[in-house]
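Asker: My questions are about this predicted structure, shown below with the sequence.
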Amino acid sequence: MKISTFNIENLDESSDEYNPTLFKRIPSLRCLLNRIDADILCLQEVHGQELLGHTSNNPKRELSALETVILDTPYVHFHTAYTTTSDEVPYDKRNLVILSRWPIVELNQYKHDHLAKLGYRKSTVLPAEEPKDISWERPILHAQIEVPSVGLVHVINLHLKSRLSSNVKGQKLNNYTWKSAAGWAEGYFLSSIKRVGQALETRVLLDQIFATAPQAKIVVCGDFNAEPGEVPVEAIRGRVENTGNPALRHTVMLPCSLAIADSVRFSHLHHGQKNLLDHMLISQSMFSLFSEAHIFNENLHDESLPFASDSKFPESDHAPFVAHFNS
């Protein structure tokens, strides 16, 4: 059995001077998806496309860009789950998607279901505001999949808040220029709260699963926008070294990345720096089935280099992470 996570980067039908057309992206993406050859594939940044008759009061969307990409691949026959708005349609931007060879027996998404919104008063906002709630930008997608000869597997797909600073009203000259360092810092602080907050909600969800099924088979994967050892990853892992409680050892989530050589243990490049932002964490019961892991980063590009433009590559700026399990 192979499980993979892949931030496919802004998959959409639309294009502009910086973003290539879907037609130009399809060959490289389809080739990579076929190479991944996963039985369960978790995707991030799958945009929704508006259908005829769509309005703000009557939203109508589908994932037609993804459907086009997976044509002529085995995934076209897979069971599909994705995040939805309160109107039961895909979000317009950055949906989480799970494609599974086997039936999805239960599906849930969570956004402040296990952790209330946090009230916060911005210090640098202009003009001054009353405290407002801080909310995550994306739900947590949780699928329960019945895998032959393995049993029930909980697959949790995440895309935590990026490291880019959140907007602070009155503190930006334009999309790229801040009026003050303090304004930028507060925006960065707010993004950190969102990233860690959603990681905490994920950990609360894990504890609830373990409370009813101590030997549950769980995979948590996705774009964490955080390196190993940083707070979001540590919060989800729940290591005994942090809790100081050996009785909680069965709830510890183990990183598949440790099975990959350090020299190739990266899924993202920024200013020449190799970063591991995409993760796959597994429960102890899944660890007994785990055999090996790979990151397909041979063709990964660095858009942030000084000689690069804002033009996007057909490929994603994240590399797929693939883990193999015995079944």
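Answerer: Looks like it arrived, so ask away. Residues are numbered from 1 along each chain as shown.

Asker: From residue 51, how far out is the residue lying closest to residue 68 once chain neighbours are set aside?
Answerer: Nearest non-adjacent residue to residue 68, counting by C-beta to C-beta, 6 or more residues apart in numbering: residue 22, 6.5 Å away. For glycine as for every other residue, the C-beta is placed from the backbone atoms N, C-alpha and C. Distance of residue 22 to residue 51, given as C-beta to C-beta, to the nearest Å: 17 Å.

Asker: out of the two, which sits in the more crowded spot?
Answerer: Neighbours were tallied for residue 22 and for residue 51 using other C-beta atoms under 10 Å; the higher tally belongs to residue 22 (18 against 12).

Asker: show me what contacts that one?
Answerer: 11-13, 15, 65, 68-69 (C-beta atoms under 8 Å, 6 or more residues apart in numbering).

Asker: which one of those residues is nearest residue 99?
Answerer: Distance to residue 99, by C-beta to C-beta, is smallest for residue 69 among these, at 11.1 Å.

Asker: nearest residue to the closest one other than its sequence neighbours?
Answerer: In this structure, residue 69 finds its nearest non-sequential neighbour in residue 29, 5.4 Å apart by C-beta to C-beta, 6+ apart.

Asker: check which helix or strand covers that neighbour.
Answerer: For residue 29, the element it lies in under DSSP states H and E is helix 22-36.

Asker: so where's this protein uncertain?
Answerer: 303, 305-311 (pLDDT under 70).

Asker: on that earlier part again, okay, buried residues for the helix holding residue 29 please.
Answerer: In terms of neighbour count (16 or more other C-beta atoms under 10 Å), helix 22-36 has its buried residues at 22, 25-26, 29-30, 32-33, 36.

Asker: What ranges does the stretch 1-150 of the chain have for its strands?
Answerer: Here the stretch 1-150 of the chain has its strands, by DSSP state E, counting those that start in this stretch, at 2-11, 40-46, 49-50, 61-62, 79-82, 95-100, 104-110, 118-120, 132-134, 140-147.

Asker: who are the neighbours in contact with the closest residue to residue 198 other than its chain neighbours?
Answerer: The shortest distance from residue 198 to any non-neighbouring residue, by C-beta to C-beta, 6+ apart, is to residue 136 (4.6 Å). Shown in contact with residue 136 (C-beta under 8 Å, 6+ apart): 111-112, 161, 194, 197-198, 201.

Asker: Make a PyMOL selection of whichever of those residues turn out to be buried.
Answerer: Buried residues among the contacts of residue 136 (16+ other C-beta under 10 Å), as a PyMOL selection:
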select buried, resi 111+161+194+197+198+201
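
Asker: What is the nearest of the contacts of residue 136 to residue 296?
Answerer: Using C-beta to C-beta, residue 161 comes nearest to residue 296 of the contacts of residue 136, at 25.0 Å.

Asker: does that closest one sit in a helix, a strand or a coil?
Answerer: Secondary structure state of residue 161, per DSSP: H, G, I helix; E, B strand; the rest coil, is coil.

Asker: pretty sure it is in contact with residue 225, am I right?
Answerer: Yes. Residue 161 lies in contact with residue 225 (C-beta atoms under 8 Å); the separation is 6.5 Å.

Asker: Now the common contact residues for those two.
Answerer: Residues touching both residue 161 and residue 225 by C-beta under 8 Å, 6+ apart: residue 195.

Asker: Residue 271 is nearest to which of the strands of the stretch 1-150 of the chain?
Answerer: With C-beta to C-beta, the closest approach to residue 271 among the strands of the stretch 1-150 of the chain belongs to strand 2-11: 17.9 Å.

Asker: How far away from the center of its chain is the closest one?
Answerer: The chain centroid and the centroid of strand 2-11 are separated by 8 Å, computed with C-alpha atoms, centre = their mean, to the nearest Å.

Asker: so where do the helices sit in the stretch 101-250 of the chain?
Answerer: 181-212, 231-237, 240-243 (DSSP state H, counting those that start in this stretch).

Asker: Export those helices to TSV and append columns for distance to residue 98.
Answerer: Shown next, in TSV, are the helices of the stretch 101-250 of the chain (distance: least, C-beta to C-beta, whole Å):
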stretch	distance to residue 98
helix 181-212	15
helix 231-237	18
helix 240-243	29
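
Asker: Kindly compare burial across those and name the winner.
Answerer: When you average the neighbours per residue for each of the helices of the stretch 101-250 of the chain (mean count of other C-beta atoms under 10 Å), helix 231-237 leads with a mean of 20.

Asker: just checking, what packs against that one?
Answerer: Secondary-structure packing of helix 231-237 (3 or more C-beta pairs under 8 Å, 6 or more residues apart in numbering; DSSP states H and E): helix 181-212, strand 254-255, strand 278-282.
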